[in-house]
Structure formats: structure tokens, C-alpha cells
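Trainee: fold the following, please.
(chains A and B)
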Amino acid sequence: MIKKSTAHINQNEGLIFERSRPGKTGYCLTALDVPAVKPEELLDPSLLRDDDLAGLPEVSEPEVVRHFTRLSTWNYAIDLGMYPLGSCTMKYNPKLNERVARIPGFAYAHPYLPDEFAQGNLALLWELEQNLAEITGMAAVSLQPAAGAQGEYTGLMVIRALLEARGDARKIVLVPDSAHGTNPASAHMIGYKVLTLKSNAEGAVDMDGLKKVLSEHGPDVAALMLTNPSTLGLFEENIEEICRLVHDAGGLVYMDGANMNALVGITRPGDMGVDVLHLNLHKTFSTPHGGGGPGAGPICVVKELEPFLPFPRVIRDADETFRLEYNCPQSVGRVRAWFGNFSVLVRALCYIKTLGPTGLREATETAVLNANYIAHQLRDDYETAYPDGKPMHEVVLNDKKQAKFGVHTLDIAKRLIDYGFHPMTMYFPLIVHGAIMIEPTESEGREELDLFIDAMKSIAREAEENPELVKSAPHHTRIGRLDEATAARKPVLRWKPASNAAAGSSR
Amino acid sequence: MSVYPDNLHYTKDHEWIRVEGDTGTVGITHFAQEQLGDVVHVQLPRAGEKFDAHATFGEVESVKTFSELFTPVSGEIVAANDALADTPELVNSEPYGGGWMIKLKLGDPSEVDKLLSASEYEDYLESQKED
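Mentor: Purely as a prediction, here's the structure:
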């Protein structure tokens, strides 16, 4: 029985273009008090638009407002319920953060304000850098990267700059097969050759494999990129030994901080021997994620890498005033206009200051407890991908028990929508067949966790007793199972006047 | 009819090769396409590119995942299946027919002997199932 159900308003909504009728307007403007002139009589032809403006919809104001308001009710959000996307840390975004980010001195400051008029904002950036450095155990921080993947890219630029300064440019980056896809992508984009490290039976880095690769390619290895806890939600227990081996071979260790929500206040990457890591403020530090973004992917580095960080750097002088330092001769340069996504940085500092050291630690402990509670409650209903591992802040199950009845991970995810939850992460990490990855975060209380567990148990029962029900889910939504294959094979990315009829009839 | 034809050679990475003279046609097996689910994109090399055995020659992307494609043997690309650009679903519907991916001029025909036969490949799939 479905205990939790979010009302899916069944009012359908076409495209705004389909509402267009010639001559309809939102406003009646007063008559021009100067003679009308055609743009082409005033402007150089190169400045005139030649694309098809005729396609713009002609609609009234209430139609526009209702169209977008209706669409907004189709959304699922963390403000509506649990969002168990593993590896994404979809935690609640406290409203206090929003309030603080709207303080006019933060919200309306021009990025070119002279330093003396921007002391509060520079102090905020400096304070956030200090806090993140302390939390991660690193020496210095750059707040510029606008997202995790840009943090990875910037971190690798910094590593490359150091190696080149040493006169020891190297060619290879090692990436475990459980890594986020962005890790090998970032390394490849920056020009490194990527070598994949196989995981062992417990899902950790295979130490013999690492030693073998280092003995063959050691002098060419620029860095090892790893995520800790790994994307399997398991702590990399050999992390110190891994760092030592890579360092002995002359390489550096990059840590993807996407899973820092399992570590904050408990242990620090800097103490493990990591040289660079990025944080996802939109994951671990409660700033809006995804469509509510933008994100922020600061990088934290050891002392030796600090000279290579992007500029400008925020400096606190002896008289406790702040300034921006542009004279950074070894810097890799700017990676983002201005100083990163400033208002996101305000929210992150607000989160840190609201919780304080004990609160941050408690958040981590609760996130880990919640994931373990789900893992424990579902242990008889779903197979655990790595049964011997201790889950940290997320748990990875698979669909082996359900596959016997023809029900697969995709079907389970679709059925979860009927129970009023956003689906979990599916088919990732890639090394787990039929992966079901769940991360509840500390945001959820016992009641919401129990609703989720009930839903998952109910789906497991349905898979056995009535597999068709699960395979044809979702049933309680406006539209059912979409043809994802055709959508990916033959995407229609925008409305065009000529395709009006076709687009309108596809619903 | 077996889903693993006897006239093909197989790899543990789930590719097949059909040898005709000094050329081999390569694709992915029924098992591979089933595991991937609906294939939405196939990235293939151009004619003239040379590959070692077990080298990455392309990528296949499905609605749920993506996977690299490995050469069963060494050789030079003679042709790639351009039809897959518009109709990647052939990989699912005809893995051994219209869903073929590349034709290779064999670098060393003796490498083919090291590949699996249909029954050896089926035994391999069976052994993987057990754990």
C-alpha cells in the first residue's frame, strides 16, 4: 500500500508557443511621442537580427504567469520530500542561508568595488577560505571554481604547474574504476593520459594493482585521482598507504571531495596525505544544487601548491584589512570571472557558522547513521553490492533479487515515483551491475526514512507478486514511462515554427 | 537458434569477430547488448586507423550506461558501420548483422586462434553468473 503520496496535479500543460495567437499582447503601451523609425534605417546591417523572431509567442500576462506556475508544480524538490540521489548529497538548503545571501551589502555589491569599500565581502571570502582549510586540513583554498568538475580541472592545472616548475612534467593520471566519470574526463581534457585502476573484491583500490602500475609507470605518473569515501560509499582504508606510494613515485594525490559529507568534523583529507581536493559546496555545505544552483567547487591545496592557485587571492594584512592580490606570478591564472559564485559562498559560510564545529560533526554522524539505517532495514529485500563493507553516508544495493522476476533497477526507480519519492541514483557506480545508490543525508528524520524504507520494501514485494505493476510504473503521474531511447537517439531540442504541429500532437 | 553463432569468435569483453580471408568484422554480443539496454550512440574510428589487440576502438552509449569497445585482435580499420550513427538500435536488434561496428584488416591472423569459440564463450557467461 502506498503510504506516502505526493499529489501529482494532473493538469497538462503545452508549450507556451502553442498558446500564441497573432496580435495578443501582455501590455498596451502609450502612443510614441517621437516619430517611429525602422531599425534598418538607423543600424548597420551586421547589427540586425536575421534569425526568426516570428516564432516568439504572443500571449497575455495571465497566460504567461499561469504557464510557468503550472510548470513549477510539476517539479520535485528537496523542499517537497526526500531526494535520495546517491553521490549527489541532495541535502536541505536552510532558509537562513537564503536570508543572509539577500543582505543588500552581499547581494548588491559590485565586483569592481575598490577593496576599501568591500571589506565585509573580502572578509567573508577570507573567513570561508580559513574555515574550509581547517575542515579539510589543507593549507590554502581557492573559491573560484564554479562547480566540482571545474574544481577538478583547476586542481589538475595546479598539479601540472607544480610538476612543470619542478622540471618534471609527467603524462599519466591514475583513476580507479569506481571514480566519478568527471575524474577521467577532467584528466583527459587537460591532456593527461588516463590509466584505470581496478577495484578489489571489497570495492577499494587494489593495492597490488597500484604497486604494479607505479612500478611500470611511476616516473610518468602526475597524479592519482580518487574519491574517499569511494563512490561505493566505502571508506578507502588504505588511503595513507596509497598517498605514500604515489608520493614515493613523485606524483601527487587528488581527492574528489564529492563525498565529504561522510568526513566533515571526523577526519581530514590533509591528514591522510592528500595534496589537492575540491569541495562541492552545493553538496556538503547545503547550498542549492542542480537547477537551484549555481554551484561552487573550491579547491583546497597543500602549502607547496599554494603559489599556483588562481588569482586574485584574498589577503589579510597585518592591520586586519583585506585586499585582493593580483601579483601571483606562478598562478595558473583566472578560472572564473570575478571571485567565483559569490552568493553561493555566502550561503556556505552561513551553514558552517550556523552549525559550528560540533554541529558539523553531528551532521556527518547523522548522515552516516541514516545511510546505515536504510542499509540495515533493506538488507533482506535487496542485495547489498559489497556486503562486507561498512557503508558510510550512502549505500549501494543491486537488483539481483528482483531481476529474477524481470524487474530491474530502472523499474524500481520508476515505481519509487509512485510512492512520492525522487528516484535514487541508478546504474552508478558502473562497476556494480544494476546499481541502486541511496544517500539520505542528515536532512531526513526517522519518519521520512521509514516512509522511504516502506516504499522500497513494498516495491520489492510487488516485484515478486505483481512484476508487471513495477515494470509499467509510474502509474500516478501525468505521463507514464517515457521512451528514453528514442529521446536520446533522436532528440528534439527546441520548438521551431515548422515543427509546431508535430510538437503539439506528441503529448 | 543459438544467440551465439558458431561461425564467430568471441572475447571476454563481449565482442565478436567474423573472419573472412584477411578481414574480420567486429561487433558486440547478444549478451553485451542485453546488458547495455537500448543503445543510443556508437562512436567508431575512421578507416585507416591502426589498433593493437585489446585496444579501445570506440564507445557505445545506452540509456543507462556507456562502455568502451575493445578490438579482439590487432589490425587496421577498413570500414566502420556508418549506419549506426542514425540507427544505433541495430546493435540491439541485429547484434551480428546490421549492428556490426568495424571491419579490420587482420594484423596477425594467428591472434584469432586465441579467442573463444561460441561454446567457450557461453561457458564463460555461465561461470560469471555464479558469483
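Trainee: low-confidence ranges in the chain?
Mentor: Since you didn't name a chain, this refers to chain A. A:1-11, A:52-54, A:290-293, A:497-507 (pLDDT under 70).
Trainee: my question was about chain B
Mentor: Residue ranges of chain B with pLDDT under 70: B:1-2, B:130-131.
Trainee: what packs against the longest helix anywhere in it?
Mentor: In chain B, assigned by DSSP state H, the helix with the most residues is helix B:118-130. On a contact count with 3 or more C-beta pairs under 8 Å, 6 or more residues apart in numbering or on different chains; DSSP states H and E, helix B:118-130 meets strand B:9-10. From N, CA and C alone the C-beta is placed, and that goes for glycine too.
Trainee: what packs against the strand it packs on?
Mentor: Applying 3+ C-beta pairs under 8 Å, 6+ apart, one finds that strand B:9-10 contacts strand B:15-20, helix B:118-130.
Trainee: thinking again about what came up before, would you indicate which residues of the longest helix of chain B are buried?
Mentor: Of all the residues in helix B:118-130, those buried under the rule 16 or more other C-beta atoms under 10 Å in any protein chain shown are B:118, B:121, B:122, B:124.
Trainee: circling back: distance to residue A:309 added to the helices and strands packed on strand B:9-10, as CSV?
Mentor: Listed next are the helices and strands packed on strand B:9-10 as CSV, based on distance: least, C-beta to C-beta, whole Å:
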stretch, distance to residue A:309
strand B:15-20, 45
helix B:118-130, 47
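Trainee: for residue A:204, which of the ones you listed is the nearest?
Mentor: helix B:118-130 (21.6 Å; C-beta to C-beta).
Trainee: list the contacts of that closest one.
Mentor: The contact list for helix B:118-130 (C-beta atoms under 8 Å, 6 or more residues apart in numbering or on different chains) reads B:2, B:4, B:5, B:6, B:8, B:10, B:12, B:29, B:31, B:116.
Trainee: give me that answer again for 7 Å
Mentor: Here helix B:118-130 makes contact (C-beta atoms under 7 Å, 6 or more residues apart in numbering or on different chains) with B:2, B:4, B:5, B:6, B:8, B:10, B:12, B:31, B:116.
Trainee: again, but for stretch A:92-104
Mentor: Residues from elsewhere that reach stretch A:92-104 (C-beta under 7 Å, 6+ apart): A:78, A:107, A:286, A:287, A:288, A:343, A:346, A:347, A:350, A:351, A:354, A:443.
Trainee: any idea how far apart the tips of that stretch sit?
Mentor: Start-to-end span of stretch A:92-104 (C-alpha to C-alpha, to the nearest Å) is 24 Å.
Trainee: please compute how far it lies from its chain's middle.
Mentor: Centroid separation between stretch A:92-104 and its chain, computed with C-alpha atoms, centre = their mean, to the nearest Å, is 20 Å.
Trainee: for stretch A:118-127, same thing?
Mentor: The gap between where stretch A:118-127 is centred and where its chain is centred comes out at 26 Å by C-alpha atoms, centre = their mean.
Trainee: may I see the buried residues of that stretch?
Mentor: Within stretch A:118-127, the residues scored as buried using 16+ other C-beta under 10 Å are A:118, A:121, A:122, A:124, A:125, A:126, A:127.
Trainee: now the fifth one: how far from residue A:150?
Mentor: It refers to residue A:125. Distance from residue A:125 to residue A:150, counting by C-beta to C-beta, to the nearest Å: 17 Å.
Trainee: and if you look at the first one?
Mentor: Computed with C-beta to C-beta, the distance linking residue A:118 and residue A:150 is 24 Å.
Trainee: same question, residue A:260
Mentor: Using C-beta to C-beta, we find residue A:260 at a distance of 17 Å from residue A:150.
Trainee: tell me which helix or strand residue B:40 sits in.
Mentor: Using DSSP states H and E, residue B:40 sits in strand B:39-43.
Trainee: neighbouring strands - and their directions - for that strand?
Mentor: Applying DSSP bridges, strand B:39-43 is found paired with strand B:56-62 (antiparallel).
Trainee: how about the residues of chain B near chain A?
Mentor: Those residues of chain B that sit near chain A, judged by C-beta under 7 Å from any C-beta of the partner chain, are B:38, B:40, B:63, B:64, B:65, B:88, B:89.
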